[in-house]
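Trainee: 3D, please:
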Amino acid sequence: MIIYGADSPFPFHTKLAEVLPPLHGYHIPLAWMVSDFEGCPTPELFQSGVPFLISGQELDDILQSIPDMQSIWGVFSGFRLPASEIDTSIVPVAEEPRLWEPNYEIQHPQAECELVAWDSSATFFRSKNRKAMWKFSRAFPSAKTLDDFKTKRS
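Mentor: Next up is the predicted model:
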């Protein structure tokens, strides 16, 4: 699913504090890898430029303390694994050319889901969890599948 700027009901749809709540806590039990992040304002933890792991609760706490944090670029990969079991040598990137392909797979093979902020103009959400995808599509009726998005744009 993709939320694209022109179709978004939000002035800044790449604010995770607006995107995650409609998933009703889906993100809390997950471990998250944050990579390729550029945002404003940027929390200290995100400033190193090095991918890092964070719990869902820690991510939620950051979003609550900085609700205006906009993700300009970045990949948030969610895992149902303990952090110690996540292969940190695989680092997802926001400017992945395959991101716009309908058969695109989540970049990290161990991840259950992926949120990608793409140049402040699109937010991609993919999940292996059908219920999460359903919640996302219900919460964001303007979100489109890539096929629908490309059909509308052509």
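
Trainee: so where do the helices sit in the protein?
Mentor: All helices of the chain, identified by DSSP state H, fall at 16-19, 56-65, 130-139, 146-153.

Trainee: hey, which of the ones you listed is tucked in deepest?
Mentor: Ranked by mean neighbour count, the helices of the chain are led by helix 16-19 with a mean of 22 (mean count of other CB atoms under 10 Å). Heads up, the C-betas are built off the backbone N, CA and C, glycines and all.

Trainee: In terms of secondary structure, what does that helix contact?
Mentor: When contacts are defined as 3 or more CB pairs under 8 Å, 6 or more residues apart in numbering; DSSP states H and E, helix 16-19 sits against helix 56-65.

Trainee: What is the helix it packs on packed up against?
Mentor: In this structure, helix 56-65 packs against helix 16-19, strand 31-40, with contacts taken as 3+ CB pairs under 8 Å, 6+ apart.

Trainee: Now find how far off-centre the shortest one is within its chain.
Mentor: Its chain's C-alpha centre and that of helix 16-19 lie 9 Å apart, by CA atoms, centre = their mean, to the nearest Å.

Trainee: CA atoms of it as PDB?
Mentor: What follows is helix 16-19, C-alpha atoms only, in PDB (Å, rounded to 0.1, in the frame of the first residue of the first chain):
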ATOM      1  CA  LEU A  16       4.800   8.200  11.800                       C
ATOM      2  CA  ALA A  17       2.900   9.700  14.800                       C
ATOM      3  CA  GLU A  18      -0.100  10.000  12.300                       C
ATOM      4  CA  VAL A  19       0.500   6.800  10.400                       C
END
